[in-house]
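Visitor: task: produce atomic coordinates for the following.
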Amino acid sequence: MYEPIRTKSVHTSADDADFPHRSREDELDIQLAGHLSALLAVTDELGLDAMGDRIAGQVARLRSAPPARHAGRSEASPAALHRRAHALAGRVLVVAASRADTAVAILAAEAMDAHAAALSVPTAPTVLVGAP
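Guide: Numbering: from 1, shown residues only. Coordinates of the predicted model:
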């Protein structure tokens, strides 16, 4: 009733050796190094040298090469940079947890705490209307 298929399936015609494969661990390393590099750039823009050096050490460990460091300060407001750094540190924490990298997870949690604290500290005293 039906004619048999005479050609090979396109899904099986590709040879596995034709393209490179990376393991899940390699993919997580790449993703973690990318998130850490982004966090490093924002940390450098904020001028947090000690935290930046710790992040740079982890990036160098993952990439086997020292990362590029940001030289100047940004024109963005410090509050916006702290919010961005807090979000990036959260991403680092998620990937580090899935990779089971305790050192980076601790570093990311410390960075999140530091940026959250920087956002919660008022920059100027609040003057209430009608207060003596």
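
Visitor: now the closest residue in space to residue 46 that isn't next to it in sequence: phi and psi?
Guide: In this structure, residue 46 finds its nearest non-sequential neighbour in residue 81, 5.3 Å apart by Cβ to Cβ, 6 or more residues apart in numbering. To be clear about C-beta, it is placed using only N, CA and C from the backbone, and glycine gets the same treatment. Dihedral pair for residue 81: phi -70, psi -40, per degrees, to the nearest 10.

Visitor: residues contacting residue 81?
Guide: 42, 45-46, 74 (Cβ atoms under 8 Å, 6 or more residues apart in numbering).

Visitor: show me what contacts the residue nearest the centre of the chain?
Guide: Among the residues of the chain, the one closest to the centroid is residue 35, at 1.9 Å (Cα atoms, centre = their mean). Neighbouring residues of residue 35 by Cβ under 8 Å, 6+ apart: 88, 91-92, 95.

Visitor: now this structure, which segments are flagged as low pLDDT?
Guide: Scanning the chain with the threshold set as pLDDT under 70 gives 1, 9-19, 121-132.

Visitor: all strands for it, in order.
Guide: Along the chain, counting by DSSP state E, no stretch forms strands.
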